[in-house]
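Undergrad: Structure for this input, please:
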Amino acid sequence: MNKEQQVKVDEQCCGLVMPISSIDGCNEQHWSDVKEIITESVEAAGFKANLVSYADDVGIIQKRIIQNLYENPIVVCDVSGKNPNVMFELGMRLAFDKPTIIIKDDKTSYSFDTSPIEHLEYPRDLRFTKIVEFKESLKDKLQATLKKSNEDPNYTTFLKHFGTFTVAKLDTKEVSKEDFIIEELRDLKKYIQRQEMINNERMHMLEPAFYGKYPSEKTHMEMRRAIKQVLTKELPELSMSKRKSPEMKDMIFSRIMSNERIRNYFGGPEEINHVFNEVYHDLVGL
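TA: You can find the predicted model right below:
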């Protein structure tokens, strides 16, 4: 790959800064769902999503993370829950004064220092209709922000609104092939050790599909998606009154029960039935 091709690839990369582990009452699965939502919006805007860091408790910012924060042409930062690592990485990105889009959920308050910057907001409960609107807004914001930063020589994300400052920069230097390989191997070793640690944590933190009387957010989200697919794709002309009939509800439930992907989220038919009734009631207003 030549330098022009490498630059072209880099220009299509959108960095993601966000929590991935439990914080502020939201578990790991919740952040996985949020990441999926953001990634879909980023890809719809024509970029490749790249998670620049992990929101773990180590507190050490690795060289590669800093390089991503500096080199990615645009970054989306989710400050929901005000994760300390996320806020620190956001501060670094703002110090570089490069295109940055800040998002947060509707339960997280604004931080004083970054409140002047526009925040795109999404519902913490990941309600379908609101998430659809959020994804479209984020896609438009990504495209418009990067376009303006490329076309406007006076564009600024943060610093220049408050005066004249020297923007932080990273110096680069050439190294020998041998030194580069050794450094990469060291980084790879650290990465593998870190992945093992994170995987071990995940084994202890994974939420069961059903606990006590209340299903997880993930099961609700997947059930809602499955029911909507049946209603919109298989039964698009079905009136609201017919949707409310017990016979039609039973038929749709049978379709859901035949969905192998949905069955993987539950421990058995009883759990599927519990979540189906709750979600179906919410969708059709029974």
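Undergrad: how many neighbours does the residue nearest to residue 87 when sequence neighbours are not counted have?
TA: Excluding the flanking residues, the one nearest residue 87 by Cβ to Cβ, 6 or more residues apart in numbering is residue 79, at 6.6 Å. Where you see a C-beta, it was placed from the backbone N, CA and C, and this is true even at glycine. Using other Cβ atoms under 10 Å, the number of residues around residue 79 comes to 22.
Undergrad: Give me the distance between the residue lying farthest from the centre of the chain and residue 255.
TA: Seen from the C-alpha centroid of the chain, the residue lying at the greatest distance (Cα atoms, centre = their mean) is residue 247, 38.5 Å away. Per Cβ to Cβ, to the nearest Å, residue 247 is found 13 Å from residue 255.
Undergrad: Mind telling me what element residue 86 is part of?
TA: Per DSSP states H and E, residue 86 falls inside helix 84-95.
Undergrad: Could you list every helix and strand that that helix packs against?
TA: When contacts are defined as 3 or more Cβ pairs under 8 Å, 6 or more residues apart in numbering; DSSP states H and E, helix 84-95 packs onto strand 13-17, helix 63-71, strand 74-78, strand 100-105.
Undergrad: angle of that helix against strand 13-17?
TA: Orientation check (axes from the mean of the first three to the mean of the last three Cα atoms, to 10 degrees): helix 84-95 against strand 13-17 gives 140 degrees.
Undergrad: in helix 84-95, what's buried?
TA: Neighbour counts using 16 or more other Cβ atoms under 10 Å place 85, 86, 87, 89, 90, 93, 94, 95 of helix 84-95 among the buried residues.
Undergrad: cool, and stretch 139-151?
TA: For stretch 139-151, burial by neighbour count (16+ other Cβ under 10 Å) applies to 139, 141, 142, 145, 146, 149.
Undergrad: residue ranges with poor pLDDT in the stretch 1-150 of the chain?
TA: Within the stretch 1-150 of the chain, the stretches with pLDDT under 70 are 1-11, 53-62.
Undergrad: What about residue 108, how many residues nearby?
TA: Here the number of neighbours of residue 108 (other Cβ under 10 Å) works out to 17.
Undergrad: And for the one 5 residues further on?
TA: If you count neighbours by other Cβ under 10 Å, residue 113 ends up with 12.
Undergrad: from now on call the first residue 789
TA: In the new numbering, first residue 789, that becomes residue 901.
Undergrad: Okay, and it sits in which element?
TA: Take DSSP H and E as the rule and residue 901 turns out to sit in neither a helix nor a strand.
Undergrad: Would you mind measuring from it to residue 1065?
TA: 46 Å.
Undergrad: One more: residue 862?
TA: From residue 862 over to residue 1065 the distance is 43 Å, taken as Cβ to Cβ.
Undergrad: Which one's more surrounded, the two?
TA: Neighbour tally, residue 862 and residue 1065, criterion other Cβ under 10 Å: the higher count belongs to residue 862, 23 against 14.
Undergrad: Dig out what the more buried one forms beta bridges with.
TA: Residue 862 forms beta bridges with residue 802, as assigned by DSSP bridges.
Undergrad: Please apply the same query to residue 889.
TA: Per DSSP bridges, the residues bridged to residue 889 are residue 864.
Undergrad: Next up, the contacts around it.
TA: Residue 889 sits next to 862, 863, 864, 865, 908, 926, 929, 930, 933 when contact means Cβ atoms under 8 Å, 6 or more residues apart in numbering.
Undergrad: so can I have CSV of these showing distance to residue 814?
TA: Shown next, in CSV, are those (distance: Cβ to Cβ, whole Å):
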residue, distance to residue 814
862, 25
863, 21
864, 18
865, 16
908, 18
926, 19
929, 23
930, 24
933, 26
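Undergrad: give me the number of residues near the spatially closest residue to residue 866 that is not a sequence neighbour?
TA: Distances taken as Cβ to Cβ, 6+ apart put residue 806 closest to residue 866, at 3.8 Å, once the chain neighbours are dropped. Neighbourhood size, residue 806 [other Cβ under 10 Å]: 24.
Undergrad: Next: residue 1015.
TA: Using other Cβ under 10 Å, residue 1015 has 21 other residues around it.
Undergrad: and what of residue 812?
TA: Residues near residue 812, counting by other Cβ under 10 Å: 14.
Undergrad: which one is it nearest to, not counting chain neighbours?
TA: Residue nearest to residue 812 in three dimensions, not counting chain neighbours: residue 869, with 3.5 Å by Cβ to Cβ, 6+ apart.
Undergrad: Next, count neighbours for the one you found.
TA: Residues near residue 869, counting by other Cβ under 10 Å, number 23.
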